[in-house]
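Visitor: Here is a sequence with its predicted model. Questions after.
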Amino acid sequence: MKKFRKVLDGLTTSSPVNPGGSPSCGSAAGTPSTAPTPRELEIQETLMSEHFQICKTVRHGFPYQPTALAFDPVQKILAIGTRSGGVRLLGRPGVDCHCQHESGAAVLQLQFLINEGALVTACADDTLHLWNLRQRRPAILHSLKFNRERITFCHLPFQSKWLYVGTERGNTHIVNIESFILSGYVIMWNKAIELSTKTHPGPVVHLSDSPKDEGKLLIGFESGTIVMWDLRAKRADFRIYYDEAIHSVSWHHEGRQFMCSHSDGSLSMWNLRNTAKPFQVTFPHGKTQRDGRKESCKPILKVEYKTSRNSEAFVIFSGGLSYDKAGRRPTLTIMHGKAIIVLEMDYPIVDFLVLCETPYLNEVQEPYAVAVLLEKDFLVVDLTQSNFPIFENPYPMDIHESPVTCTAYFADCPPDIIPVLYSIGAKHKKTGYSHKEWPLSGGTWTVGSQTYPEIIITGHADGSIKFWDATAITLQMLYKLKTSKVFEKPKSGDVGRSAELVEEDPYAIQMISWCPQSRIFCVVGISAHVILYRFSKHDANTTITSLVVRLQCEMEDVISPSDTENTPCFSDPSGLSPQPQPPSPRSNTPDSVRDSNPCLKVKDRMIRMPPGYQAELVVQLLWVDGEPPQQITSLDLNSAYGLLALGNCNGLAVVDYLQKTVLLCMSTLELYGSADPFQRLTRSPRKNRQSTSDFCMRGLSNFYSDSKKRIRTSYQSLTELSDNQVSLDLERSKSPTSDHVNGHCTSPTSQPCPTGRARVPGGPEGPRLARRGPGRPPFRKAQSAACMEVSLPVSSLTEESRENSFSRSRSSSVSSIDRETKEAVTTLQFAESYGRKSDTLPTPCLWVGTSLGLVLIIPMSIPTDEQERQEDPVTVAPTGTVLMLKASVLRFAFLDCGGALINSPYEVWRDQHAPDDPDRPRKRKLVNFSPSSSQEASGDGHLAVVCSERQAKVFFMPSQACLYVHNITESSFVLRADVVSVCNSVCLACFCANGHIMTLSFHPSYDHVNQ
């Protein structure tokens, strides 16, 4: 057992700067005593450097921008290539591997060495790679670069050691697959065609060996020229000159005839006995017009000609539709005998392959399925059934069926939650799938001994929620929930309020909060609404309770345009009232019609809800003074307390979902009362109201489509810093804050003060602030509208607090269109803690973090008896306790004095719609809930870990003494942070905007940075 002194080395143990007061604290008996020093706290150190190693395990979802497809008919493994150089290997459910070319060049074509555990990739940088798939992590064995010619097509016959490579110049090279070097045998284009031909035949678009004679190679040129080349005699057996461009060629298994697809939408059949002309030309989708001519059709990009013993041959092709109808969806056509079946696809077809029973080309093929690769989907069609159903895809290819707007990850879930969600979700799955097993059955996969229940929850732009089982690497959808069913559909012709706020997707999900133990689920939508769900195995007929919250600042707590104003800070006598303020009178303007109304209308009738998650409560923010509600930036719920809290740039609201009442509704300024550490400047009511509304409630399309651009801009602006100190200061002044929505950096950056002058007249920061450029900030995100400009009293500024103030105002303030800035609530957490220094026992508290780096602790009085909890009111009273950090607060966590993570209290799940059992009445069962759980640790206190965008601090409660300060980053900022358990210990994990993942133990020498 080592002393805590080593773990928290370098801590400020003497009079840390603490806005909450002096570092002294009350003991367990209530008598004042000195705060424990790190020497007095003992924590066993188990974290070592080797415990931290970042590695990629699996990549879920559909391959981005796919380009190529290949299949091993013996091993039953499929490969997908992408435009970014990735290769995805898929086998039986659970076999899913991702490989990446270091060059990042697009994969043009894939060729399996059938039944040999190897794969050849041809990339856009004219390089061939040979991959070894027999090892745990596939790796490249050989690479071959073509310097003078561009690769256009590759062909590797079954059980052959020769790889044929066609080029853009029309030449064909032969590569030895074992040594992976050129053999020297080259079929030049001018030798392949007749010498009398004056035109170039174009690039090689097809290569294949004859099923009847492997020594004959069929070469297809883009212009329509086809050559059968005798590899032994080194001469052409025959040449075909066709007047339509060729896209693909497919052999009959007997090797006597082949089929070509052309650019005019036709299919031509050729017999080797007579190559002067095709013996059959068909236009599958071309109708004969009145003048006798065929109507023009789109090119048939690929055709497959496969034979079957017990039925007629299959001819399967993509494209070939007529041009008569605009906007027709991409199609895959299956011609089987006289029947022509057209399968419409949701996305353009990239490639397709017919899966056959045999790898030998000279045998009857017996096709049983078609694998179709689309731009945004992958599906397999069953050819053995007359209606051609598709197989149910075991891979999570539909994660982005609707764009993902937020995610949440939960580990160590209760073991019964996954089977329950799966059983409920299975009842709502789509029908009509093939009853046969998934045809890709290759590879081996074993469940490791270290598996534990893991669930990933995704929120989507259409308001849907998906629960995924992520246990043991695989990802399987368990259950889908549609939040839009809670609301009334807008009537036709009626332009709803939400339509003006969010042009598309008014139900999009922004945040998720889930308690797996109680199965209570809460979501935040972009239309400033919160929906609370309870889980039940039984259907129910019930009504949804709707609460509205007026979360709007009546007094503008923003900086004045005139820096000559210097109003001292003050406290509103009504600031601690939990009741919402009444609407202020407005003139009769069009916007005033929307006042006191939410963005969406909740269904107010009895609703039948199926088993699963059933909506119980909807909380909506109201329009105020003709302005839409600001989007919600933070959320937390606690099932043991029966409370949920939500915050935005206007303030905080606490809702009792058991009694269906609003307990607290305050602006951020009112929460401080007289304990506000800042001197704030007031101003008259806001101007440019319309521009603020438009800015703060932009459409969701901007919300999720710009996120990648924001992060990319963030990375560039944070990694391309100049060595010049002036430019460094300028870049740091543009560091955005995170509004903790979806884990992305979505807050705007700070702008100069309206007057362009320093915030503190005569302060040392004046010259540095004057260097801040007026350029447009790299991040623009409205929904946090995060911070307010502040002014510290000069007389009370110490050197450290002055630097803290400057860093906070520089990195965490944001600007809206009309230069009005506010302090947003960026994170919330319910916990058993100490709201005051004099507290001797932990009580239910709400920890509130703001975008200015301030932390408020709000104690609550909650009845413990179940009957009293349903009837007696919950008391919520802000105490003015304030802690300070640099930059916007992101995360709270709590440790006991032994260094173990303290779990939040929760309620054990009970099915409220289950039939009543008189012998076993349904009572609330609470875990880790005070006062019983607090008696043992009442004299020890606990540690509170607070992480912001730039800094982490450890406070000892209830004394509020700051034991440890660590500046996480100066050149970047933290996007997301959490305290996690690793090797029976805990550490702080941070994800920064520059792409780094930092794991910080409570011992400075064990800090790690992984990129």
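Guide: Arrived safely, thanks for sending. Numbering: from 1, shown residues only.
Visitor: Skip the chain neighbours and tell me the closest residue to P93.
Guide: P394 (3.9 Å; CB to CB, 6 or more residues apart in numbering). C-beta: built from backbone N, CA, C; applies to glycine.
Visitor: The one you found and W438 touch, don't they?
Guide: Yes - here P394 reaches W438: they are 5.6 Å apart, a contact under CB atoms under 8 Å.
Visitor: what about the residue nearest to P93, how many neighbours?
Guide: By other CB atoms under 10 Å, 18 other residues sit near P394.
Visitor: Mutual contacts of P394 and W438, please.
Guide: Common neighbours of P394 and W438 are listed as P93 (criterion: CB atoms under 8 Å, 6 or more residues apart in numbering).
Visitor: if we can go back for a sec, need the contact list for the residue nearest to P93.
Guide: P394 touches 93, 438, 476, counting by CB under 8 Å, 6+ apart.
Visitor: which residues pair with the nearest residue to the last one once chain neighbours are set aside across the strands?
Guide: Right, Q476. Spatial nearest neighbour of Q476, excluding adjacent residues (CB to CB, 6+ apart): D469 at 4.6 Å. Counting by DSSP bridges, D469 is bridged to I455, Q476.
Visitor: quick one: D469 and K886, what's the gap?
Guide: Remark: distance between D469 and K886 (CB to CB, to the nearest Å) = 40 Å.
Visitor: And the helices in this protein?
Guide: Ranges of helices in the chain, per DSSP state H, are 4-7, 189-192, 417-426, 497-501, 668-672, 689-696, 700-705, 707-719, 725-733, 766-770, 799-812, 866-871.
Visitor: G255: neighbouring residues, count only.
Guide: 17.
Visitor: again, but for P359
Guide: There are 16 residues near P359, going by other CB under 10 Å.
Visitor: what's the answer for the one 3 residues further on, then?
Guide: For N362, the neighbour count with other CB under 10 Å is 14.
Visitor: Run a quick check on it versus E254, I expect a contact.
Guide: Yes - in terms of CB under 8 Å, N362 counts as a neighbour of E254; the distance is 7.5 Å.
Visitor: will you turn the contacts of P394 into JSON lines that also has pLDDT, distance to C356 and neighbour count?
Guide: As requested, those are exported to JSON lines (pLDDT from 0 to 100; distance: CB to CB, whole Å; neighbours: other CB atoms under 10 Å):
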{"residue": "P93", "pLDDT": "82", "distance to C356": "22", "neighbour count": "17"}
{"residue": "W438", "pLDDT": "89", "distance to C356": "17", "neighbour count": "18"}
{"residue": "Q476", "pLDDT": "84", "distance to C356": "29", "neighbour count": "17"}
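Visitor: Let me know whether the residue nearest to Q476 touches I457 as I believe.
Guide: No - the criterion here is CB under 8 Å, and D469 misses it with I457 at 11.0 Å.
Visitor: Between its first and last residues, how far does stretch 285-293 reach?
Guide: 13 Å (CA to CA, to the nearest Å).
Visitor: Need the contact partners of it.
Guide: 265-266, 294-297, 320-322, 333.
Visitor: Helix or strand with the lowest mean pLDDT in the protein?
Guide: The helix or strand of the chain with the poorest confidence is helix 4-7; it has a mean of 32 (mean pLDDT, DSSP states H and E).
Visitor: before we move on, the earlier item: D469 and K886: which has the busier surroundings?
Guide: K886 (26 against 23).
Visitor: Give me the buried entries from the contacts of stretch 285-293.
Guide: 265-266, 294, 297, 320-322, 333 (16 or more other CB atoms under 10 Å).
Visitor: Show me those residues that map onto strands.
Guide: T333 (DSSP state E).
Visitor: can you list the buried ones among the contacts of stretch 285-293 in a markdown table and add distance to C947 and pLDDT?
Guide: Shown next, in a markdown table, are the buried ones among the contacts of stretch 285-293 (distance: CB to CB, whole Å; pLDDT from 0 to 100):
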| residue | distance to C947 | pLDDT |
| --- | --- | --- |
| G265 | 61 | 91 |
| S266 | 66 | 92 |
| K294 | 69 | 76 |
| C297 | 62 | 88 |
| G320 | 59 | 89 |
| L321 | 57 | 88 |
| S322 | 61 | 85 |
| T333 | 57 | 94 |
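Visitor: List just the nearest of the buried ones among the contacts of stretch 285-293 to V974.
Guide: L321 (52.1 Å; CB to CB).
Visitor: Is it correct that that closest one is in contact with P299?
Guide: No - taking contacts as CB under 8 Å, L321 lies outside contact range of P299: 10.0 Å.
Visitor: shared neighbours, the two?
Guide: Shared contacts of L321 and P299, counting by CB under 8 Å, 6+ apart, come down to G265.
Visitor: where exactly do the strands run in the stretch 151-300 of the chain?
Guide: 151-155, 162-167, 172-176, 181-187, 204-209, 216-221, 225-230, 235-241, 246-251, 257-262, 267-271, 280-282, 300-306 (DSSP state E, counting those that start in this stretch).
Visitor: Could you do the stretch 451-600 of the chain as well?
Guide: 454-460, 464-469, 476-482, 509-515, 520-525, 529-536, 540-542, 545-549.
Visitor: contacting residues around the closest residue to A944 other than its chain neighbours?
Guide: Spatial nearest neighbour of A944, excluding adjacent residues (CB to CB, 6+ apart): F955 at 4.5 Å. The contact partners of F955, taken as CB under 8 Å, 6+ apart, are 883, 943-944, 946, 961-963.
Visitor: export the residues you listed to TSV and tack on neighbour count and distance to L551?
Guide: Below are those laid out as TSV (neighbours: other CB atoms under 10 Å; distance: CB to CB, whole Å):
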residue	neighbour count	distance to L551
L883	22	24
L943	24	32
A944	27	26
V946	24	24
A961	27	33
C962	25	31
L963	24	35
